[in-house]
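In: Dropping a prediction and its sequence here:
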Amino acid sequence: MSENADTVGTDEKPHATEATESASAIPPEELEQLTDDIIAAMKTVYDPEIPVDIYELGLIYKVDISDDRDVLIDMTLTAPGCPVAGTMPIMVEDAVRTVEGVGDVRVNMTFDPPWDPSRMSDEARVALNMY
């Protein structure tokens, strides 16, 4: 990743879209479209035990897009012992690689901070009847 990476993060609240204002080599309109396309790709990946996509579940903590359009994703799972721990990062990488214009894709798994239901979007809460 380059020093001028742009970030879409979900650390403070689920689905906060925060592109850093660093001097990116990617034009702003293109970066916005690339970010939207990456999010759309991640939303095609579902936890097999929960009928909600990983983005709405709040499993994506951070997405960095470098000037070379390489993508680094920090994500978690609902629990460290989740049966898809070995395959979920590959599923996310494969989905994001389908986005036109994306370079290399790497997914880092983290459990710090641990996931909890407060990270879910309103859409996920409705889908899971958690209101």
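Out: Structure's in. What do you need? Since this is a predicted model, take the numbers as computed values, not measurements.

In: Can you give me the pLDDT of L31?
Out: pLDDT recorded at L31 is 94.

In: wait, what's in contact with the closest residue to R97 other than its chain neighbours?
Out: Distances taken as C-beta to C-beta, 6 or more residues apart in numbering place V105 nearest to R97, at 5.2 Å, with adjacent residues excluded. Yep, even glycine has a C-beta here, placed from its N, CA and C like the rest. Listed by C-beta atoms under 8 Å, 6 or more residues apart in numbering, the contact set of V105 reads 70-71, 73, 93, 96-97.

In: Tabulate the residues you listed (a markdown table), appending pLDDT, secondary structure and distance to A40.
Out: Output for the contacts of V105, formatted as a markdown table (pLDDT from 0 to 100; DSSP: H, G, I helix; E, B strand; the rest coil; distance: C-beta to C-beta, whole Å):
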| residue | pLDDT | secondary structure | distance to A40 |
| --- | --- | --- | --- |
| D70 | 97 | coil | 19 |
| V71 | 98 | strand | 13 |
| I73 | 98 | strand | 14 |
| E93 | 98 | helix | 15 |
| V96 | 98 | helix | 10 |
| R97 | 98 | helix | 13 |
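
In: Out of those residues, which end up buried?
Out: When these are checked for burial by 16 or more other C-beta atoms under 10 Å, the buried set is 70-71, 73, 93, 96.
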